[in-house]
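> Take a look and give me a structure for this.
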Amino acid sequence: MGLKPAALYRQGQVQTAWRAIWGRTVARQLITVEGVDRSFGPVDVLQDVNLVVNHGERIGIVGHNGAGKTTLLNTISDQEQDTGDVDFAPGLRIAYLTQIRDLESDRTIEEELSRKGRQFQELEEEIAAIEAQMVDPAFYESDWEPVMERYTELQQMLAQSGGGNVAGIAKGILTRLGLDQHPMDMQVSSLSGGEKAKLALARQLVGLAGVDVIFLDEPTNHLDIQTTEWLEDFLRDFDGAQLIVSHDRYFLDQVCNRIVEIQDLHAWPYTGNFSRYIRQKNAFEASLADRISTTEKKIKSTMGAMAQMKRANKYDKSISAKHKMIERLQQELKALKARVPKKRKPLRLRFDAIDKASKDMVDLKKATKRFEGLDRAILDAQDLEIRKGDRIGIVGGNGQGKTTLLKLIVGDEKLTSGSIEVSPGVVIGYFHQDHATLDFNLNPVEQIEALRPDLQYGDIRGALGRFQFTSDKVKTPLKALSGGERARVALLKLLLEDNNLLLMDEPTNHLDMESKDTLEEALQAYEGSLVTVSHDRWFLDQVVNRIWEVNEGKVTVYYGNYTDYVRAKKGLPPLTEEEREAMENDDPEQDD
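The predicted structure is shown next:
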């Protein structure tokens, strides 16, 4: 049922008034979440969530896989809570950049770019409601002129947002993202994973003029570093609020000025970016342990004093006061213990290298790789070497050939010309980004049995348990598991293989922060050599000692980690140890 003309007009007045207020230097409260619960059947996902979103806030939502981060975004954006309230400011407009890139593979690039995102939904629904009223002759018998003024205003807002030229504006964004080399009639199915992510990003970023809040769910998935950096600049310049779910620590550091952690069904707020949140959380948990210990000692001391009074038959007002004190302290202790995070079974990971490799492990001479139909060479007469102890990170734009370089080393692809020599004694372990080394028809137990038939069933179950697999998950076919669960099976498979050279293609994809930390520690302790393709800048900073930058068929070698590489590109020397420590301890400047 459509809104009546007067109601439509009042709605427009409120929206216009709010936008006038926003234009002043007044902090606008956009979304209020109070006492929200959300469950699915018997499973509680969120409990008593309270959150206020103000204009200008860029809020990172963090937590382990399955904690309820995406559920929180959906609950707020759809206002579909079980109990509690989710209130929007009048006239609020939102946009949603989803984790699932809703591209249709049988469409062309042009057709996909023409599809409108959610940010146009409210405008077009209100326009359609007025147009439905306009066809009724009775509409013109009432006070219709203010409604038509609102209709004109909406049409102007739609035009200013780019609603009439979605494809044209999205093409401009594609050009800035470096994806304008493909013809517009090319099928989406022909694009790489990274190129599909850029296409979805370009389409969903159209029409954000006038949008108040953007919801972003894993926005950096499958984006190369250059595109991620472009997105960081875009979000920092966006005039509104943002709620961002991400496992990309570097991205959260660059963009966010608030963090909300979803832990044990609740939402806990912190100020600042991700690094500052980590320091605040560590300090809080340390003080929490002290406060629990102090409160327990107070309870014990008070109970002892009260027992002495009873033995001395001193039943006066003071004993009643101590009863009340104990009750208060016990309530305080209960509240403090409720804040102690529940212990999750940690991912246990250790890679052991076999000691057979010579000093020179892999040698590429005049290596050239071309693909039919591609004008340029993916690799153009390059001389490269991998030596014992090297820890190499491969970076470059989508489609530059980073994964192809790994496939050439492992032997899955062949050179067009030139040579690759793998020294005797080199045993390669390969982590494929889409887990192609796994048999998706097998369950985790069967996958490990196929790899290591010498292992007993109990040993396999124990190993899977150390990788956070429950009794029901070990019997589930890999094709029915999540990306993170398949990644853990692939890591366990790699751990159980003999190797001294790890080739890893986007190993942090689908892993939560805790699992990433464990992987980083395991690779730091690995005594073999490592070559990894990754868009995760924090991960590269932790595990590599040189960078191979792949661009237009050339590979440029930089010494040091990712931060050293960025500084070298700017003509700056590597950071000293003192400078690194100062960077880690300094609070980055936060936007008001």
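
> List the residues that contact the residue nearest the centre of the chain.
The centre of the chain sits closest to residue 246, judged by C-alpha atoms, centre = their mean, with a distance of 2.0 Å. If a contact means C-beta atoms under 8 Å, 6 or more residues apart in numbering, then residue 246 has 60-62, 216, 218-220, 252 as its contacts. For glycine as for every other residue, the C-beta is placed from the backbone atoms N, C-alpha and C.

> Now it: phi and psi?
phi -160, psi 150 (degrees, to the nearest 10).

> Can you check what pLDDT the model gives it?
If you check residue 246, the pLDDT there is 93.

> Could you report the separation of it from residue 433?
To residue 433, residue 246 is 18 Å away according to C-beta to C-beta, to the nearest Å.

> following the helix or strand containing residue 50, which helix or strand shows up next?
Here residue 50 sits within strand 43-54, counting by DSSP states H and E. Using DSSP H and E, the helix or strand that follows strand 43-54 in sequence is strand 58-62.

> Give me the contacts around the helix or strand just after that next one.
Heading C-terminal from strand 58-62, the first helix or strand you meet, by DSSP H and E, is helix 69-78. Applying C-beta under 8 Å, 6+ apart, the contact partners of helix 69-78 are 31, 33, 36, 38, 45-46, 49, 51, 61-63, 80-81, 86, 94, 96, 99, 215, 217, 243, 245, 262, 267.

> could you list every residue that touches the closest residue to residue 378 other than its chain neighbours?
Take residue 378 and drop its neighbours on the chain: the residue closest to it by C-beta to C-beta, 6 or more residues apart in numbering is residue 401, 3.7 Å away. Contact partners of residue 401, counting by C-beta under 8 Å, 6+ apart, are 369, 378-379, 550, 553.

> For residue 345, state which of those is nearest.
Residue 345 lies nearest to residue 550 out of the contacts of residue 401, by C-beta to C-beta, at 38.2 Å.

> check contacts around that closest one.
Neighbouring residues of residue 550 by C-beta under 8 Å, 6+ apart: 394-396, 400-402, 405.

> now do 7 Å
If a contact means C-beta atoms under 7 Å, 6 or more residues apart in numbering, then residue 550 has 394, 396, 400-402, 405 as its contacts.

> Let me know the pLDDT of it.
At residue 550, pLDDT is 96.

> Next, the closest residue to it other than its chain neighbours: phi, psi?
Excluding the flanking residues, the one nearest residue 550 by C-beta to C-beta, 6+ apart is residue 396, at 3.7 Å. Main-chain dihedrals, residue 396, degrees, to the nearest 10: phi 150, psi 170.

> so what's residue 396 up against?
402, 549-551.

> Okay, and which of these map to strands?
Among the contacts of residue 396, the members falling in strands (DSSP state E) are 549-551.

> Make JSON lines from these and add distance to residue 427 to it.
Output for the ones in strands among the contacts of residue 396, formatted as JSON lines (distance: C-beta to C-beta, whole Å):
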{"residue": "549", "distance to residue 427": "27"}
{"residue": "550", "distance to residue 427": "25"}
{"residue": "551", "distance to residue 427": "31"}
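
> Tell me the one among those nearest to residue 137.
For those, the nearest to residue 137 is residue 551 (65.5 Å; C-beta to C-beta).

> Dig out what that closest one forms beta bridges with.
residue 554 (DSSP bridges).

> Distance check, the residue nearest to the centre of the chain against residue 299.
As judged by C-beta to C-beta, residue 246 and residue 299 stand 42 Å apart.

> per-residue confidence at the residue nearest to residue 378?
You'll see residue 401 listed with a pLDDT of 90.

> got it, and residue 278?
What the model reports for residue 278 is a pLDDT of 93.

> Which helix or strand contains it?
Using DSSP H and E, residue 278 maps to helix 274-311.
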